[in-house]
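Peer 1: The sequence isn't on hand, but the structure is:
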């Protein structure tokens, strides 16, 4: 998957549970696929709310202020591109949309020529020498994601009535 790569830092309890699952099972692909699908849904739900994984609310975009609608969801290209790729050792959640990193981390875009950057806001065209786009993090885990991961791993590791590991 191309695009943004975030490494899970912190979340020590969740990393410990995931590492235990990998150590205990030989076929964890279904587990990581289920986690990835749930994280895609969670990410899209936060995008609909205009909220970062840490719970902070995104600053509204100029387009959303001028025309109405939701920030980062005007045409839904980024929203619809959120996907996951599972393997036996983990899962990646992300996008291949080239401008995703600008929204995740923020950026200042500078004009390459004296003519500046020209774009439309509502019915008017605007020319600027630079535009600063604030960070609007959409990828990452929130507390509900962490609990979901722990629950899915717990279910996957749970013992069935016969004493063998049940794989869900």
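Peer 2: Good, I have the coordinates. Because the structure is a prediction, the values reported are computed rather than measured.
Peer 1: only C-alpha atoms for contact and neighbour calcs from this point on.
Peer 2: Fine.
Peer 1: which residue is nearest the middle of the protein?
Peer 2: Nearest to the mean C-alpha position of the chain, counting by Cα atoms, centre = their mean, stands residue 139 at 2.4 Å.
Peer 1: Helices along the chain, start to end?
Peer 2: With helices called from DSSP state H, the chain shows them at 12-24, 29-49, 62-67, 77-81, 100-105, 143-157.
Peer 1: same for the second one, what does it pack against?
Peer 2: With contacts taken as 3 or more Cα pairs under 8 Å, 6 or more residues apart in numbering; DSSP states H and E, helix 29-49 sits against strand 83-86, strand 91-94, helix 143-157.
Peer 1: can you do 10 Å?
Peer 2: helix 12-24, helix 77-81, strand 83-86, strand 91-94, helix 143-157 (3 or more Cα pairs under 10 Å, 6 or more residues apart in numbering; DSSP states H and E).
Peer 1: Need these in TSV (columns: distance to residue 41, mean neighbour count and mean pLDDT).
Peer 2: Formatted as TSV, those follow (distance: least, Cα to Cα, whole Å; neighbours: other Cα atoms under 10 Å; pLDDT from 0 to 100):
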stretch	distance to residue 41	mean neighbour count	mean pLDDT
helix 12-24	19	15	71
helix 77-81	10	16	95
strand 83-86	9	18	96
strand 91-94	11	22	94
helix 143-157	10	17	89
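Peer 1: which regions of the chain sit below the pLDDT cut-off?
Peer 2: For the chain, the stretches with pLDDT under 70 are 1-11, 21-26, 159-168.
Peer 1: Report the separation between the nearest residue to residue 140 once chain neighbours are set aside and residue 112.
Peer 2: Spatial nearest neighbour of residue 140, excluding adjacent residues (Cα to Cα, 6 or more residues apart in numbering): residue 53 at 5.6 Å. Separation of residue 53 from residue 112 (Cα to Cα, to the nearest Å) stands at 34 Å.
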